[in-house]
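Participant: Fold the stuff below for me.
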Amino acid sequence: MAAATSDLHLRPVDGEASLEAWRHVHNVIIPTAPLSLDEVRRNADRHHLEVAHLGGRPVGCSTVRPPTEEEPAATVIARVLPEHRGRGIGTRIYLRCPERARETGAERIETIVLASNTEGVAFALAQGFVQVGEYLLPGDTVPFLTLRLP
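Facilitator: Okay, the predicted model is just below:
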């Protein structure tokens, strides 16, 4: 039997095991742009990364990229492994992200979703995001969508 979502624990990435757990979730959900452990380590130095555990197992992760001088928007990304979707886990993960983004002084909040992740796109739209752009990574055929909170 699956653990109740009340057993969901969200923790900042703080060591090798959590870096690998975050990487695993990211790479399952974004197979077109998998990250190495070294890339995740570099991201953890620049961004706020968290891993969601349910019943002791990683089920999701989040990223909050703070604004920069060049880009006043913070980017928030909540990911949930497909087999754990539709149970409120994504909402619990996501709700922590805008708060963290605002703490960084963000003027705007955006998110990025792989276009083929229709559940992720629908989730972002349900949270009030509107699409403002899309881009392809070199060699890819599936675009990433950029969405913004109005």
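Participant: ok, G139 - contacts?
Facilitator: Applying Cβ atoms under 8 Å, 6 or more residues apart in numbering to G139 gives no contacts. Where C-beta positions appear, they are placed from N, C-alpha and C, glycine not excepted.
Participant: That one: what secondary structure?
Facilitator: Three-state assignment for G139 (DSSP: H, G, I helix; E, B strand; the rest coil): coil.
Participant: Next, work out how far apart it and T32 are.
Facilitator: G139 is 9 Å from T32, where distance means Cβ to Cβ, to the nearest Å.
Participant: L35 touches I29, doesn't it?
Facilitator: No - in this structure, L35 is not within contact of I29 by Cβ atoms under 8 Å, at 11.2 Å.
Participant: of these two, who's got more company?
Facilitator: Legend: neighbour count by other Cβ atoms under 10 Å for L35 and I29, higher for I29 (19 against 15).
Participant: next one: stretch 79-86 to chain centre, how far?
Facilitator: Centroid separation between stretch 79-86 and its chain, computed with Cα atoms, centre = their mean, to the nearest Å, is 12 Å.
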